[in-house]
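1. just the structure for this:
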Amino acid sequence: MEVMNVNNNRVLSSLCYFSVFFAGLILPLIVFFVANEPEVKRHAKRAFLSHLLLIIPTIIGVIIFIVVVMSFGFQSSSYESIGLNSNGLSYSSSGDTFIIIAWLIFIVFEVILSLAVFIWNIVQGIKVLKA
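-> Predicted structure coming up:
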């Protein structure tokens, strides 16, 4: 019976990491509050925190973007100044260009962070299953 319990704990712990595919924050949080084993709780907490790494920067980035746009705004509301003129795409305002470049840098940062956390969760889930 003890071997089956250890296997169940390993599977449950690895599912917390693999939940990055299907349940996000929900499964590790439920496992953390329901599980009795300290090792399972530890893995659930680690998985939950790693999943938060995907959400917190996104929320902060969106808030910063909204504040910047509301503070500085796009410099002009005409279609020509935002790049829809007959000569192709161009931006006439350095403020608009700054906002767009900052937003693109943030998106690249988010993609890199998401891939890193995604891969880390997969590796941790496999390590727990093999242990």
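2. any idea of the mean pLDDT for stretch 37-51?
-> Here stretch 37-51 scores 94 as its mean pLDDT.
3. quick one, what contacts Val62?
-> Residues near Val62 by Cβ atoms under 8 Å, 6 or more residues apart in numbering: none. For the C-beta atoms, the positions are set from N, CA and C on the backbone; glycine is no exception.
4. return the set of buried residues in the host helix or strand of it.
-> Val62 belongs to helix 38-72 when assigned by DSSP states H and E. For helix 38-72, burial by neighbour count (16 or more other Cβ atoms under 10 Å) applies to 40-41, 43-44, 46-48, 50-51, 54, 61.
5. centre of the chain to that helix, how far?
-> Its chain's C-alpha centre and that of helix 38-72 lie 6 Å apart, by Cα atoms, centre = their mean, to the nearest Å.
6. helices or strands up against the following helix or strand past that helix?
-> Per DSSP H and E, the first helix or strand lying C-terminal to helix 38-72 is helix 94-130. If contacts are counted by 3 or more Cβ pairs under 8 Å, 6 or more residues apart in numbering; DSSP states H and E, helix 94-130 sits against helix 2-18, helix 38-72.
7. the spatially most central residue of the chain and Val69: what is the separation?
-> For the chain, the residue nearest the mean C-alpha position is Leu54 (1.7 Å; Cα atoms, centre = their mean). Using Cβ to Cβ, to the nearest Å, Leu54 is found at 23 Å from Val69.
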